[in-house]
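**Q** sequence and predicted structure below; questions after.
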Protein chains: 2
Amino acid sequence: MADLVYQNIMKDLKDRIKKNEFDSKRLPDERSLSESYGVSRSSVKRALNVLANQGIIFKKRGSGTFINPLFQKNRSIFQYEGSNLGVTDSFKSNGEVPKIKLLDFNVIPASDELQTELFLDPGEFVYEIKRLRTFEDKPFMIELGYIPIRVAPELNKERVEGSIFNYFEDTTGKAVTKSFMTITTEPSTGEDQKLLNLKPVEPVGVMEGIFFLDDGTPFEVSNMRLHYKYLNYNTFVDLNENR
Amino acid sequence: MADLVYQNIMKDLKDRIKKNEFDSKRLPDERSLSESYGVSRSSVKRALNVLANQGIIFKKRGSGTFINPLFQKNRSIFQYEGSNLGVTDSFKSNGEVPKIKLLDFNVIPASDELQTELFLDPGEFVYEIKRLRTFEDKPFMIELGYIPIRVAPELNKERVEGSIFNYFEDTTGKAVTKSFMTITTEPSTGEDQKLLNLKPVEPVGVMEGIFFLDDGTPFEVSNMRLHYKYLNYNTFVDLNENR
DNA sequence: AAGTGGTCTAGACCACTAC
DNA sequence: TAGTGGTCTAGACCACTTA
């Protein structure tokens, strides 16, 4: 894929961590890695920072770099890692691909709220796309998305039955790379129970988000209701970078 | 507080953005900023990367660095801004202070799992602290935490009835600044329903995490069961793994 | 004292955008 | 072609941990 030094090192280290190559839970020091990979220490640091931001490793000044023991524990099939955005890419694809059933597809005027969130002018139109995602014949997510027609004028019924992000990137070369997300949970509604095969006592996880293209253009507002067993959101927070 | 070059520049730029100083929505180029701040371009880049990772600016190779219009137009979407890790500080902004009811407080040998997660040697002890958090007399969270006695030897019953993070920072000068969290949801158990005043059909949000000190020392493993109306997690994701 | 990660510099070259 | 952000280097010095 990429030919970037730091990304290659990052991927290599990730693989080696997954293979338990560093049984001591400790990585070699940065200067050694720099030498063994034949790159500058800065590039090693950059690779390590990416892994640290994903919560895979953490660094202790003065002592070394260590593998996060929580990283491989508790992995469900569907998992947001902060390293993927869309649903399609969030599956540990062991060959099996999630499927989509289109429930509803309309073009409607953007509400006030959507105008604000998608940065639209009054009177602009959006696609309203309601889909049910299934995996191995089990439904796990009801997705209600809104995409401005101005941004993606070529959507149609057939195209939204697959990954919209992938279709958009393939045809325009523009990728969806950023998102704001809000995660909450609710008791399931009658519709949730019917579509997701839930008992009344079983809840849904709700993920609401705005997705952006790399240049900052808002691309989609999405409301995702997940079967509670599939909500598994991992996140690493570092306060030093948040203010 | 900090005397770091990139953080000072980051804060300064954030202030200037909030003051609408860059009316054109476009920031000066990196080389100009480097010169006007009297620092290297690398430091400017680092400051800009932090802002980009917070979704406040977007960088477009070849054209420049731009302010996210949503940040100026609707800053409330950026709720994560200034957010804190601990429960106590999350409420401070509203003026109200949450209260704590201590349910259980023990010192026990660390289980194998805790040894792994907190980087402990066999035979080490941890505090087991079970607390109920209430806000305006309404309980909203059951918190089960484990803290190594080696890290915080001076805890006692009285002290864990307040904010442990704040107490620890006040007495040692070391702050809890990082966390790795997994967010899920579950139907409520009988205990949840009793303590959190939930109906059987109402779920809990579950946040499990390890909290770290700034130097990377694991400080606490925590399992938090939240009244579903209080689980509200905001996050910004940027696929471009910068830094 | 030795070893570790953190910060910062000065500069080279590359990739993309706009004109 | 000029200007922008992206990547990468080689090295200096600092702050902290461990022995």
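**A** Looks like it came in fine.

**Q** residues touching the residue nearest to A:Tyr37 when sequence neighbours are not counted, list them.
**A** Counting by Cβ to Cβ, 6 or more residues apart in numbering or on different chains, A:Ile9 is the residue found nearest to A:Tyr37 once chain neighbours are left out, at 5.7 Å. The way it works is simple: take the backbone N, C-alpha and C, and place the C-beta from them, glycine included. Counting by Cβ atoms under 8 Å, 6 or more residues apart in numbering or on different chains, A:Ile9 touches A:Leu33, A:Tyr37, A:Val39, A:Ser43, A:Val44, A:Ala47.

**Q** can you list those residues in a markdown table and add neighbour count, pLDDT and distance to DNA strand D?
**A** Putting the contacts of A:Ile9 into a markdown table (neighbours: other Cβ atoms under 10 Å in any protein chain shown; pLDDT from 0 to 100; distance: Cβ to the nearest atom of the strand, whole Å) gives the following:
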| residue | neighbour count | pLDDT | distance to DNA strand D |
| --- | --- | --- | --- |
| A:Leu33 | 20 | 95 | 11 |
| A:Tyr37 | 16 | 95 | 8 |
| A:Val39 | 17 | 96 | 4 |
| A:Ser43 | 20 | 95 | 3 |
| A:Val44 | 27 | 96 | 8 |
| A:Ala47 | 26 | 94 | 8 |
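
**Q** helix, strand or coil for the closest residue in space to A:Pro122 that isn't next to it in sequence?
**A** With sequence-adjacent residues excluded and distances taken as Cβ to Cβ, 6+ apart, A:Pro122 is closest to A:Gln115, at 6.4 Å. Following DSSP: H, G, I helix; E, B strand; the rest coil, the label given to A:Gln115 is helix.

**Q** how near is A:Gln115 to DNA strand D?
**A** Look at A:Gln115 and DNA strand D: by Cβ to the nearest atom of the strand, to the nearest Å, they are 29 Å apart.

**Q** likewise A:Asn68?
**A** Relative to DNA strand D, A:Asn68 is positioned 17 Å away (Cβ to the nearest atom of the strand).

**Q** was I right about that residue contacting A:Asn53?
**A** No - applying Cβ atoms under 8 Å, one finds A:Asn68 not in contact with A:Asn53, separated by 11.6 Å.

**Q** list the contacts for the residue nearest to A:Pro122?
**A** A:Asp121, A:Pro122, A:Glu124.

**Q** among those, which one is most surrounded by other residues?
**A** A:Glu124 (15 neighbours; other Cβ atoms under 10 Å in any protein chain shown).

**Q** how about that one, what does it touch?
**A** Each residue near A:Glu124 by Cβ under 8 Å, 6+ apart is listed here: A:Pro109, A:Ala110, A:Gln115, A:Pro148, A:Ile149, A:Arg150.

**Q** burial count for the second one?
**A** Yep, that's A:Ala110 we're talking about. Neighbours of A:Ala110 under the rule other Cβ under 10 Å: 22.

**Q** now it: how far from A:Thr172?
**A** Separation of A:Ala110 from A:Thr172 (Cβ to Cβ, to the nearest Å) stands at 21 Å.

**Q** ditto for the fifth one
**A** The spacing between A:Ile149 and A:Thr172, counted by Cβ to Cβ, is 14 Å.

**Q** between the two, tell me which one has more neighbours.
**A** Legend: neighbour count by other Cβ under 10 Å for A:Ile149 and A:Thr172, higher for A:Ile149 (15 against 12).

**Q** in space, what's closest to the more buried one - neighbours in sequence excluded?
**A** Nearest non-adjacent residue to A:Ile149 (Cβ to Cβ, 6+ apart): A:Phe125, at 5.0 Å.

**Q** identify the residues contacting the one you found.
**A** With Cβ under 8 Å, 6+ apart, A:Phe125 has these contacts: A:Val107, A:Ile108, A:Pro109, A:Ala110, A:Pro148, A:Ile149.

**Q** change it to 10 Å
**A** A:Asn106, A:Val107, A:Ile108, A:Pro109, A:Ala110, A:Pro148, A:Ile149, A:Arg150 (Cβ atoms under 10 Å, 6 or more residues apart in numbering or on different chains).

**Q** Three-state assignment for the first one, please.
**A** It stands for A:Asn106. Secondary structure of A:Asn106, per three-state DSSP, is strand.

**Q** counting contacts, what elements does the helix or strand of chain A with the lowest mean pLDDT pack onto?
**A** The helix or strand of chain A with the poorest confidence is strand A:233-238; it has a mean of 78 (mean pLDDT, DSSP states H and E). Judged by 3 or more Cβ pairs under 10 Å, 6 or more residues apart in numbering or on different chains; DSSP states H and E, strand A:233-238 is in contact with helix A:41-53, strand A:176-187, strand B:176-187, strand B:203-213, strand B:233-238.

**Q** surely A:Thr172 meets A:Phe165?
**A** No - between A:Thr172 and A:Phe165 there is no contact under Cβ atoms under 10 Å: 11.1 Å.

**Q** ok, back up a step: quick one: least confident of the contacts of A:Phe125?
**A** Minimum pLDDT for these is recorded at A:Arg150 (88).

**Q** need the three-state assignment for that residue.
**A** A:Arg150 ends up coil, using three-state DSSP.

**Q** now swap in the one 4 residues further on and tell me
**A** Per three-state DSSP, the local secondary structure of A:Glu154 is coil.

**Q** wait, it sits on A:Asp170?
**A** No - with contact defined as Cβ under 10 Å, A:Glu154 does not count as touching A:Asp170 (11.5 Å).

**Q** take the contacts of A:Ile9 and write them to JSON lines, including distance to B:Glu208.
**A** Putting the contacts of A:Ile9 into JSON lines (distance: Cβ to Cβ, whole Å) gives the following:
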{"residue": "A:Leu33", "distance to B:Glu208": "31"}
{"residue": "A:Tyr37", "distance to B:Glu208": "34"}
{"residue": "A:Val39", "distance to B:Glu208": "36"}
{"residue": "A:Ser43", "distance to B:Glu208": "34"}
{"residue": "A:Val44", "distance to B:Glu208": "31"}
{"residue": "A:Ala47", "distance to B:Glu208": "27"}
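
**Q** where do the strands sit along chain A?
**A** Listed in chain order, the strands of chain A (DSSP state E) span residues A:26-27, A:57-60, A:64-67, A:99-109, A:125-135, A:138-148, A:176-187, A:203-213, A:218-227, A:233-238.

**Q** circling back: any chance of the contacts of A:Phe125 in JSON lines, with distance to DNA strand D too?
**A** JSON lines is the format used below for the contacts of A:Phe125 (distance: Cβ to the nearest atom of the strand, whole Å):
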{"residue": "A:Asn106", "distance to DNA strand D": "37"}
{"residue": "A:Val107", "distance to DNA strand D": "35"}
{"residue": "A:Ile108", "distance to DNA strand D": "36"}
{"residue": "A:Pro109", "distance to DNA strand D": "36"}
{"residue": "A:Ala110", "distance to DNA strand D": "31"}
{"residue": "A:Pro148", "distance to DNA strand D": "25"}
{"residue": "A:Ile149", "distance to DNA strand D": "29"}
{"residue": "A:Arg150", "distance to DNA strand D": "25"}
